[in-house]
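Novice: sequence? don't have it. structure:
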């Protein structure tokens with residue numbers, strides 16, 4: 001089965017090479033266009049003097065938060 005990339009034209013539904021469905025959240029951007037959002041991983045940016053901050057830390061953010069906060 002061919003891979004189909006989720007796009008706004010196909011309502012953010014695609015397929016993986018295995019045939020499984022790849023669903024993403026369709027979001028309306030502030031400029032009136034739409035995009036397909038998915039979860040993202042954000043890493044920490046530490047200041048030079050902060051000894052309690054670890055640059056190996058990070059967090060996954062859900063698609064709904066990426067959409068609401070405009071985290072493109």
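Specialist: Happy to help now that I have it. No experiment lies behind these values; they were computed from the predicted model shown.

Novice: pLDDT at the closest residue to residue 44 other than its chain neighbours, what is it?
Specialist: Nearest residue to residue 44, sequence neighbours excluded (CB to CB, 6 or more residues apart in numbering): residue 57, at 4.7 Å. No exception for glycine: its C-beta is placed from N, CA and C like everyone else's. On the pLDDT scale, residue 57 is placed at 84.

Novice: equivalent analysis for residue 22, please.
Specialist: Reported pLDDT for residue 22: 91.

Novice: ok, residue 70 next?
Specialist: For residue 70, the predicted pLDDT is 85.

Novice: mind telling me what element it is part of?
Specialist: For residue 70, there is no enclosing helix or strand under DSSP states H and E.

Novice: tell me the SS of the closest residue to it other than its chain neighbours?
Specialist: Using CB to CB, 6+ apart and skipping the chain neighbours, the partner closest in space to residue 70 is residue 30 (6.8 Å). Secondary structure for residue 30, judged by DSSP: H, G, I helix; E, B strand; the rest coil, is coil.

Novice: quick one: residue 30 and residue 40, what's the gap?
Specialist: Separation of residue 30 from residue 40 (CB to CB, to the nearest Å): 18 Å.

Novice: the more surrounded of those two?
Specialist: residue 40 (14 against 6; other CB atoms under 10 Å).

Novice: is it true that the residue nearest to residue 44 touches residue 42?
Specialist: No. With contacts counted by CB atoms under 8 Å, residue 57 stays clear of residue 42, the gap being 9.9 Å.

Novice: check the burial of the residue lying closest to residue 7 once chain neighbours are set aside by counting its neighbours.
Specialist: Nearest non-adjacent residue to residue 7, counting by CB to CB, 6+ apart: residue 36, 6.4 Å away. Other residues near residue 36 come to 22 when the count uses other CB under 10 Å.

Novice: cool, thanks, signing off.
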